[in-house]
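Student: Structure here, sequence nowhere to be found:
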């Protein structure tokens, strides 16, 4: 799988108010049949904090929690309980004023809502989650980062400070090209790791 390079210039230079609305549409999760294993991995891992992490390759349903670990930087090992609650397709107009107008019609935005608990022993303020929207062809798309406050769905890193035991509700913005269908949310710290996924397509 590859990470799709964002084709849109999604850094806003001004905080614009009064963006026009767009239709809301939650993506219904695909049912997992009884013959589909909940996990393709056989064992869970252990984070540096000692917490037991969700096995790589695990497939979760929306609303379920995975315990994940990743290397934030050379000195910071993160462990968090991540829950993906909802994946919501929005109309392109919700990005009006935040991307070049000639690109708005060529974008399908998704708002992804969930929660994160710092389950480790280190401060994680300002850390970004390696949480991607995977489309039906297996391409991974990172969350959009805005240059100023986007009140509809902030799409920011973890708050600062974010101490052990802290919890936060999150909303992240993703964009797919027209015709691309969402398949899953994937927590994948590196391109070689088998991630933990939440099935949404």
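Tutor: Arrived safely. Because the structure is predicted, anything quoted here is derived from the model rather than measured. Residues are numbered from 1 along each chain as shown.

Student: would you list every one of the helices in this structure?
Tutor: 101-104 (DSSP state H).

Student: May I ask you to confirm that residue 121 is in contact with residue 165?
Tutor: No - taking C-beta atoms under 8 Å as the definition, residue 121 is not a contact partner of residue 165, at 9.8 Å. Quick note: C-beta positions are derived from backbone N, CA and C, even for glycine.

Student: So between those two, which is more surrounded?
Tutor: residue 121 (16 against 10; other C-beta atoms under 10 Å).

Student: Which positions in stretch 190-201 come out as buried?
Tutor: In terms of neighbour count (16 or more other C-beta atoms under 10 Å), stretch 190-201 has its buried residues at 195-201.

Student: Now do it: distance to the chain's middle.
Tutor: 11 Å (C-alpha atoms, centre = their mean, to the nearest Å).

Student: beta partners for the spatially most central residue of the chain?
Tutor: Note on the chain: the residue nearest the mean C-alpha position is residue 131, at 3.8 Å, using C-alpha atoms, centre = their mean. On the basis of DSSP bridges, residue 131 is bridged to residue 187.

Student: same check, this time on residue 96
Tutor: residue 99.

Student: Give the buried residues for the lengthiest strand in the chain.
Tutor: Taking DSSP state E as the criterion, the chain has its longest strand at strand 76-90. Residues of strand 76-90 classed as buried by neighbour count (16+ other C-beta under 10 Å): 78-85, 87-90.

Student: I'd like these laid out as TSV, including pLDDT and distance to residue 115.
Tutor: Below are those laid out as TSV (pLDDT from 0 to 100; distance: C-beta to C-beta, whole Å):
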residue	pLDDT	distance to residue 115
78	97	15
79	97	15
80	98	10
81	98	8
82	98	8
83	98	5
84	98	9
85	98	7
87	98	14
88	97	15
89	96	21
90	96	20
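
Student: all strands for the chain, in order.
Tutor: For the chain, the strands identified by DSSP E occupy 24-26, 45-46, 52-53, 59-60, 65-73, 76-90, 108-118, 131-135, 140-141, 167-176, 182-187, 196-199, in order along the chain.

Student: so which of those gets nearest residue 100?
Tutor: strand 167-176 (13.0 Å; C-beta to C-beta).

Student: tell me what that closest one is packed against?
Tutor: If contacts are counted by 3 or more C-beta pairs under 8 Å, 6 or more residues apart in numbering; DSSP states H and E, strand 167-176 sits against strand 108-118, strand 131-135, strand 140-141.

Student: what's next to it, contact-wise?
Tutor: With contact meaning C-beta atoms under 8 Å, 6 or more residues apart in numbering, strand 167-176 is reached by 6, 8, 10, 95, 107-118, 129, 131, 133, 135, 141-144, 146, 150, 153-155, 158-159, 162, 182.

Student: That strand: partners in the sheet, and parallel or antiparallel?
Tutor: In the sheet, strand 167-176 lines up with strand 108-118 (antiparallel) (DSSP bridges).

Student: Next, the angle strand 76-90 makes with the partner strand.
Tutor: Angular relation of strand 108-118 and strand 76-90 on a 0 to 180 degree scale: 150 degrees, by axes from the mean of the first three to the mean of the last three C-alpha atoms, to 10 degrees.
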